[in-house]
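Engineer: show me the folded form of this:
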Amino acid sequence: MVDRGASALSLPDDWPAHPDPILALNRMGSFDWDLDTGLFHMDAQAHEVFDLRPDEYDGHPETLAIRVPAPEGYRLDALVSQAMKDGSENYGTYFRIRCRNGSLRWTHTQGYIRRDETGRPRRIVGIVRDATQELDDLAARREQASLDAARQEQTNVVQLTTAALAYARSVDDVIDVLKDTHGLTHLGATSLVMGLVEAGRIRLIAEGPVGSFVPGTDVTGIDEQYPMSEVVRTLTPRFIESPEEFAERYPLLWPHITGLNITAAAYLPLIAQARPIGAMGLLYSDRDGFSPEDRNVLVALGSSIAQSLQRAMFYEQEKDLASGLQQAMLPRTIPSVRGADVAVRYRAGSAAGSLGRDIGGDWYDLIPLPGGRVGAVIGDVQGHDTHAAAVMGQLRIVLRAYAAEGHTPATVMARASVFLHELDTDRFATCLYAEADLATGVVQVVRAGHIDPLVRQTDGSCRRVPVEGGLPLGLSAEFGSLEYPVATLELDPGNTLLLCTDGLVEQPGADLDDGMQTLTALIGSGPADVRDLADKLIDVAEERGGDDDVALLLLRRRGLDAPQSGGRLQQHVAPGDPEALAEARHMIRAAVRAWGSGERADEIELVADEMITNALMHTEGSAIVTLRVLAGPERRLRVEVEDSSSALPRRREAGESGVSGRGLLLVDLLTDVWGVEARGGGKCVWCEFVVPGRA
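Structural biologist: A predicted model of the protein is given here:
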């Protein structure tokens, strides 16, 4: 077996080393403090740490006061006293000493407290060492960590700002992001200025703090001596690192901003697609320069801002175009309707992140009809784009035309469905058409896949009116299901009919019935005036937001200006039936006299007879004669004769011996007003006579 001890290398004679050489090699000195005698012994290395010669130290700690400043001495005494009182075994701290040449340097000490069996401190032994290099290294590490943290913070600000700018859809949104708590102010900027290039000039769109606006700078020329003009002109950023440099380079601007205490500024051109679209300025009140890293961050951020700004400008242009198209497709004005108060509203949706989608196919319309009737339309074409708006415009026009021709509500809806189906489009539309007779309050409603109407009573209560409906427009024609049931409801004086699109009802995550109940409660608690109520409903929709647009039509039936003094009489007159014609004449004569208009009875009877005879002679079909009294500022008696021919009557000159051609001349001479209206497959010739009110 090998003898390991014999084969090992021989150890030096002074091994193991005494603590003093070890401490000396590590530039540490030792001390031994006898607390009973108060003597404070230090070795030679400790003398060097305190920068003392042996003859300058007498073994008492008070002598160290020539090297330890008083505040440091008080702190050391308090630290040691506290350690002895609370039973600690050791203590340690950094403190400063004043060297022989007057400079201060950091020193570190660590002491171990020795106690007797009773716990009383009797002795402290420890070390002292020069800590200058250690703290310098620590300060360097802290400074580097601070720089790293600052760079990371700048990177975070850039990332947060860029992410926030991705959702900016308008120029104001971009400005708000930059002024937000996560915006450029985190980079230390005191204020922000920004301008857009328009027609060879720069228009200011954002300025710094309140009161900092410089008169005359809202619009400036690119060739003027302003910093934003210069960076746009040269496409190069400008970094101004002192007030003196600012005053020298831009003497026109500097006198106006001296009160802002600006110490530095950075002006950046905003370049998109290789052309300047604007400029941005960041003003600082606590900076005296820009490091290369600072400049790179600001230039990179300026590029991101330019892209977002251009995207926002494109969006606003697209939105203006879409809004203009939408307004062009909707009715320019809503006609005043005798006997009703009407309010209409439209709110565009806000589909986030998609240009040109602030437009949809929702529409409303109000169509005056003969006989004191009115047609109310609400509809929604599938989609949120310009194509939906274009389809909506065409559909609104044809639906209005079908209603004005006198077709029944079901026919109006069926024909509109066929029209949409024959268009070169894959869109369908929901629609609700209500035809109201304001004299009687009878409302006929037809529904094509749309939500039900609502009626608000005079006492404020509101109810949903279930209406049996058909398929949406376009689909009903495609599937050959053009039957639209007609529902009838009565609208009493003071009641309000409300038609709306689903954007006012539907909410994310909520059932349609729940949405209708919420809307019903909201209408019931709203103001009685239809305009105020419409404003409230649109405000609620605006606060709620949402991608869908909203169309709204409210029609409130007013009470009659005066009670009707007569009624409504109607009779069917078949061709070749002399008795029916005679009965019609008798009805007219009796009704006129019963209604207190006997002084014009002959004129009315003569004109009505002429109109009935023309219908029977020229249409080869039957005629329907209707007689009614219209109440209002002046009492009128109205005569209507309907037939199945679409041919309009023509005024002709009668020959010297002929009788034909004198009928319309009599109508024109004897009536106060007359006219012709289309009624579906036929027409209606009507006339009115002003008659005195009945006593």
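
Engineer: mean confidence score for the helix or strand containing Ser81?
Structural biologist: According to DSSP states H and E, Ser81 maps onto helix 70-85. The average of the pLDDT scores along helix 70-85 is 91.

Engineer: longest helix of the protein, counting residues only.
Structural biologist: Longest helix of the chain, by residue count under DSSP state H: helix 292-329.

Engineer: what's that one packed up against?
Structural biologist: Judged by 3 or more CB pairs under 8 Å, 6 or more residues apart in numbering; DSSP states H and E, helix 292-329 is in contact with helix 132-165, helix 171-179, strand 264-272, strand 275-284, helix 386-404. Quick note: C-beta positions are derived from backbone N, CA and C, even for glycine.

Engineer: want to throw those into TSV with distance to Thr619?
Structural biologist: Output for the helices and strands packed on helix 292-329, formatted as TSV (distance: least, CB to CB, whole Å):
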stretch	distance to Thr619
helix 132-165	71
helix 171-179	64
strand 264-272	70
strand 275-284	69
helix 386-404	21
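
Engineer: so can I have CSV of those showing mean pLDDT, mean neighbour count and distance to Ile222?
Structural biologist: Shown next, in CSV, are the helices and strands packed on helix 292-329 (pLDDT from 0 to 100; neighbours: other CB atoms under 10 Å; distance: least, CB to CB, whole Å):
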stretch, mean pLDDT, mean neighbour count, distance to Ile222
helix 132-165, 70, 13, 25
helix 171-179, 76, 18, 19
strand 264-272, 90, 23, 11
strand 275-284, 88, 22, 9
helix 386-404, 88, 20, 35
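
Engineer: returning to what we had before: helix or strand right after the longest helix of the chain?
Structural biologist: strand 340-347.

Engineer: how far away from the center of its chain is the next helix or strand after that following strand?
Structural biologist: Toward the C-terminus, strand 340-347 is succeeded by strand 361-369 as the next helix or strand (DSSP H and E). How far strand 361-369 lies from its chain's middle: 27 Å, per CA atoms, centre = their mean, to the nearest Å.

Engineer: strand partners (parallel or antiparallel) of strand 361-369?
Structural biologist: Sheet pairing of strand 361-369 (DSSP bridges) gives strand 373-381 (antiparallel).

Engineer: got the angle between the strand it pairs with and strand 340-347?
Structural biologist: 10 degrees (axes from the mean of the first three to the mean of the last three CA atoms, to 10 degrees).

Engineer: and strand 373-381, C-alpha only, in PDB?
Structural biologist: What follows is strand 373-381, C-alpha atoms only, in PDB (Å, rounded to 0.1, in the frame of the first residue of the first chain):
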ATOM      1  CA  ARG A 373    -102.800  58.800 -44.600                       C
ATOM      2  CA  VAL A 374     -99.000  58.400 -44.100                       C
ATOM      3  CA  GLY A 375     -96.600  55.500 -44.700                       C
ATOM      4  CA  ALA A 376     -93.800  54.900 -42.200                       C
ATOM      5  CA  VAL A 377     -90.800  52.700 -43.200                       C
ATOM      6  CA  ILE A 378     -87.900  51.300 -41.200                       C
ATOM      7  CA  GLY A 379     -85.400  48.900 -42.700                       C
ATOM      8  CA  ASP A 380     -82.000  47.300 -42.600                       C
ATOM      9  CA  VAL A 381     -80.000  46.000 -45.500                       C
END
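
Engineer: how far off centre is that strand?
Structural biologist: With CA atoms, centre = their mean, you get 28 Å for strand 373-381.

Engineer: average model confidence for it?
Structural biologist: Mean predicted confidence for strand 373-381 is 93.

Engineer: the host helix or strand of Gly111 to helix 70-85, inter-axis angle?
Structural biologist: With secondary structure defined by DSSP H and E, Gly111 is part of strand 104-115. Between strand 104-115 and helix 70-85, the angle comes out at 20 degrees (the same axes, to 10 degrees).

Engineer: adjacent strands (with direction) for strand 104-115?
Structural biologist: In the sheet, strand 104-115 lines up with strand 90-98 (antiparallel), strand 121-130 (antiparallel) (DSSP bridges).

Engineer: from the contact counts, what lies against the helix holding Ser81?
Structural biologist: Against helix 70-85 (3+ CB pairs under 8 Å, 6+ apart) you get strand 90-98, strand 104-115.

Engineer: average model confidence for the first one?
Structural biologist: So the one you mean is strand 90-98. Mean predicted lDDT for strand 90-98 stands at 91.

Engineer: which parts of that strand are buried?
Structural biologist: By neighbour count with 16 or more other CB atoms under 10 Å, strand 90-98 contains the buried residues 91, 95-97.

Engineer: so is Lys536 in a helix, a strand, or just coil?
Structural biologist: Three-state assignment for Lys536 (DSSP: H, G, I helix; E, B strand; the rest coil): helix.

Engineer: list the contacts of it.
Structural biologist: Residues in contact with Lys536, defined by CB atoms under 8 Å, 6 or more residues apart in numbering, are 522, 526-527.

Engineer: repeat the analysis, applying 10 Å as the threshold.
Structural biologist: By CB atoms under 10 Å, 6 or more residues apart in numbering, the contact list for Lys536 reads 522-523, 525-527.

Engineer: just to revisit the earlier point, tell me which of the helices and strands packed on helix 70-85 sits nearest to Gly38.
Structural biologist: strand 104-115 (15.2 Å; CB to CB).

Engineer: just the buried residues of the closest one, please?
Structural biologist: Of the residues in strand 104-115, those buried (16+ other CB under 10 Å) are 106-109, 111, 113.

Engineer: with just CA atoms, put that strand into CSV.
Structural biologist: In CSV, the C-alpha atoms belonging to strand 104-115 read as follows (Å, rounded to 0.1, in the frame of the first residue of the first chain):
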residue,chain,number,x,y,z
LEU,A,104,-13.2,61.7,1.7
ARG,A,105,-13.2,58.0,1.1
TRP,A,106,-15.4,55.1,2.0
THR,A,107,-14.4,52.6,4.7
HIS,A,108,-16.1,49.4,6.0
THR,A,109,-15.9,47.9,9.4
GLN,A,110,-17.2,44.7,11.0
GLY,A,111,-17.0,43.9,14.7
TYR,A,112,-17.8,40.9,16.8
ILE,A,113,-19.0,41.5,20.4
ARG,A,114,-17.7,39.1,23.1
ARG,A,115,-19.7,38.8,26.3
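
Engineer: now do that strand, average pLDDT.
Structural biologist: Throughout strand 104-115, pLDDT has a mean value of 91.

Engineer: then stretch 321-334?
Structural biologist: Here the average pLDDT along stretch 321-334 is 73.

Engineer: list the buried residues for the helix holding Ser81?
Structural biologist: For helix 70-85, by 16+ other CB under 10 Å, it's 72-73, 76, 80, 83.

Engineer: so what are the sheet partners of the helix or strand hosting Cys684 and their directions?
Structural biologist: Per DSSP H and E: Cys684 is located in strand 682-690. Applying DSSP bridges, strand 682-690 is found paired with strand 636-643 (antiparallel), strand 673-679 (antiparallel).

Engineer: okay, those strands, which one's buried deepest?
Structural biologist: Most buried of those, by mean neighbour count (mean count of other CB atoms under 10 Å): strand 636-643, with a mean of 22.

Engineer: now do it: distance to the chain's middle.
Structural biologist: With CA atoms, centre = their mean, you get 53 Å for strand 636-643.

Engineer: alpha carbons only: can I get whichever helix or strand comes after it in PDB?
Structural biologist: Using DSSP H and E, the next helix or strand after strand 636-643 towards the C-terminus is helix 663-670. C-alpha atoms of helix 663-670 as PDB (Å, rounded to 0.1, in the frame of the first residue of the first chain):
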ATOM      1  CA  GLY A 663    -116.300  67.500 -67.800                       C
ATOM      2  CA  LEU A 664    -112.800  68.500 -66.500                       C
ATOM      3  CA  LEU A 665    -113.600  72.100 -67.300                       C
ATOM      4  CA  LEU A 666    -116.600  71.900 -64.900                       C
ATOM      5  CA  VAL A 667    -114.400  70.200 -62.200                       C
ATOM      6  CA  ASP A 668    -111.800  72.900 -62.500                       C
ATOM      7  CA  LEU A 669    -114.300  75.700 -62.300                       C
ATOM      8  CA  LEU A 670    -116.500  74.500 -59.500                       C
END
